[in-house]
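*Asks:* Got a predicted model here, sequence first, then my questions.
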Amino acid sequence: LRVWAAALKPSDGEVVVGGIGPVAVLAMFCVSVLCVCWYTSAHRMWSAASRMLRTCLFAALRENAPLPHHIAFIMDGNRRWARKQGEPDSSGHPRGSDKLICALQWCHEAGIAAVTVYAFSIENFKRPSQEVRSIMDLAELKFAHMLQNSDVVHEYEFRVRVLGDMKLLDPKLRAVMSDAMLATQHYKKHTLNICFAYTARHEMARAVLRSVRQKRAQNCVEALSASLTTEKSDMQRDICEGDIDRHLMTGPSYPDVIVRTSGEPRLSD
């Protein structure tokens, strides 16, 4: 553009702007507008083409094999990605959150009914306080954005459920999480489980404790009822698999496929 502007030198008597004539300024402006329009159109065309390609691919998959009903993502590798880019560890978490939005779009297009995201483990509280604070601030921002009708959870009708020990979180974050769940509770098409301040051991211990309490209360009621009548009591003191199942936060739908985004071939708690 500078070469072009130099070629369009102002003639005698023309008003110049910064040493460049008005014709050159107009030309540069027009070229800039064209570049922006071209980039925007190309981006939209590519997005539309990629969406059409995914739609055809998912349709072909559905005809030849059943797609999973429930997919889970272990959000891992954000810090390693940031280090490879020469950036602070905390800078990787927003990029991972943005990529999750794309994954939700793909799951919607594929007809996946339930998505579980393992976002923040109880063990993650052991990380440096500055990194934990940045994750909490990011979570508060994202949940607050879910309250807007323009968010992806409203566009694709995801019912949001937060699973974990919310007592470990700041009151402000707990409040915005509750608001997001309340704002999406009427959606029936998809479910988005966000595991935050969560570990599997904590969930299992919680389910066992609640099962014991429920069974104890049930047996006390049955024993009292039997003492007031002549009928023989048929108390069931054993806790079965169904009792645990009813008290799991992640139930009754379990993931068919688990994806660890970092590529690590292992599970986490």
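*Replies:* Yep, that arrived.

*Asks:* drop to CA atoms for contacts and neighbour counts, all remaining ones
*Replies:* Fine.

*Asks:* Might you report the residue contacts of the residue nearest to M181 when sequence neighbours are not counted?
*Replies:* The spatial neighbour of M181 that comes closest, neighbours along the chain excluded (CA to CA, 6 or more residues apart in numbering), is V160 at 5.1 Å. Remark: with contacts taken as CA atoms under 8 Å, 6 or more residues apart in numbering, V160 is in contact with V153, A180, M181, T184, Q185, T191, L192, N193, I194.

*Asks:* Average pLDDT for stretch 95-114, rounded please.
*Replies:* Model confidence over stretch 95-114 averages 86 on the pLDDT scale.

*Asks:* V117 against F73, yeah?
*Replies:* Yes: with contacts defined as CA atoms under 8 Å, V117 counts as touching F73 at a distance of 4.9 Å.

*Asks:* Quick one, which of the contacts of V160 are buried?
*Replies:* Taking 16 or more other CA atoms under 10 Å as the criterion, what is buried in the contacts of V160 is V153, A180, M181, T184, T191, L192, N193, I194.

*Asks:* what would those residues look like in TSV with pLDDT and secondary structure?
*Replies:* Output for the buried ones among the contacts of V160, formatted as TSV (pLDDT from 0 to 100; DSSP: H, G, I helix; E, B strand; the rest coil):
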residue	pLDDT	secondary structure
V153	88	helix
A180	93	helix
M181	94	helix
T184	93	helix
T191	93	strand
L192	93	strand
N193	94	strand
I194	93	strand
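
*Asks:* From the residues you listed, pick the one nearest D89.
*Replies:* Closest approach between the buried ones among the contacts of V160 and D89, by CA to CA: I194, at 21.8 Å.

*Asks:* E264 should be in a helix, yeah?
*Replies:* No: under DSSP: H, G, I helix; E, B strand; the rest coil, E264 falls outside any helix and is assigned coil.

*Asks:* give the contact list for the closest residue to Y198 other than its chain neighbours.
*Replies:* Computed as CA to CA, 6+ apart, the closest residue to Y198 that is not its neighbour in sequence is G164, at 4.3 Å. G164 makes contact with C195, F196, A197, Y198, T199, E203, M249, according to CA under 8 Å, 6+ apart.

*Asks:* In a helix, P66, correct?
*Replies:* No: with three-state DSSP as the criterion, P66 is located in coil rather than a helix.

*Asks:* Just give me the neighbour total for it.
*Replies:* Applying other CA atoms under 10 Å, we find 8 residues neighbouring P66.

*Asks:* Could you measure from it over to R210?
*Replies:* Distance, P66 to R210, using CA to CA, to the nearest Å: 36 Å.

*Asks:* just A103 next, same as before
*Replies:* If you measure A103 against R210 using CA to CA, the figure is 34 Å.

*Asks:* Which one of these two is surrounded by more residues?
*Replies:* Each of A103 and R210 had its neighbours counted (other CA under 10 Å), and the higher figure belongs to R210 (17 against 14).

*Asks:* got a list of what that one touches?
*Replies:* When the contact criterion is CA under 8 Å, 6+ apart, the partners of R210 are H247.

*Asks:* what's the following helix or strand after the helix or strand that contains G92?
*Replies:* With secondary structure defined by DSSP states H and E, G92 is part of helix 92-110. In the C-terminal direction, the helix or strand that comes right after helix 92-110 (DSSP H and E) is strand 114-121.

*Asks:* next helix or strand past that following strand?
*Replies:* Helices and strands here follow DSSP H and E; after strand 114-121, the next one along the chain is helix 129-145.
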